[in-house]
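>>> sequence first, predicted model second:
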Amino acid sequence: MSTTWVMVANASQAKLFSLTRAHERLQLVKELVHPESREKTSNLVSDRSGSRNGTGHGTLTQATDPKHHEAELFAQEVTRELDQGLEKKAYDQLILVASAPFVGLLNNHLPGQVRSVLSETIDKDYTRLSATELTAHLRSRVVS
């Protein structure tokens, strides 16, 4: 039986749904949360100054924006979940629904084998929708 996974995500939460011919609506498989992505930038950075140079003045060099860094970490976690599911043959087809710019981060981290079963990418934040509402929004796209 063919199974479609629908990953609905933004930078702080992701919901993984499954759809098979036996079910008329999406079934929640797993929910992932990353509260650090919702933190204020000031809470994500250390209060300590950077390295000290010989003059006694601190220099702080920030390679990446802390909010972006947290979103990257969560994108990696989400794509690992998709990769593990595919390895276990839990799904045959994937639909990715994610907010901008998080959808780009997910696409950047998708392994090749997961990308090969990706049937559609939708640039929307549907994380607050129930399974019933999501099924209605995706009805034409989620055909097993």
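That came through, no problem.
>>> check contacts around residue 34.
11-13, 70, 73-74, 77 (Cβ atoms under 8 Å, 6 or more residues apart in numbering). No exception for glycine: its C-beta is placed from N, CA and C like everyone else's.
>>> list just the nearest of the residues you listed to residue 140.
residue 13 (25.0 Å; Cβ to Cβ).
>>> distance of the closest one from residue 80?
Relative to residue 80, residue 13 is positioned 16 Å away (Cβ to Cβ, to the nearest Å).
>>> the more surrounded of these two?
Between residue 13 and residue 80, counting by other Cβ atoms under 10 Å, residue 13 is the more crowded of the two (19 against 14).
>>> and the contacts of residue 34, which are buried?
The neighbour-count criterion (16 or more other Cβ atoms under 10 Å) marks 11-13, 70, 74 among those as buried.
>>> biggest separation within those, which pair?
So for those, where distance means Cβ to Cβ, the most widely separated pair is 13 and 70, at 12.6 Å.
>>> quick one: the helices in this protein?
41-44, 66-87, 102-109, 112-115, 131-138 (DSSP state H).
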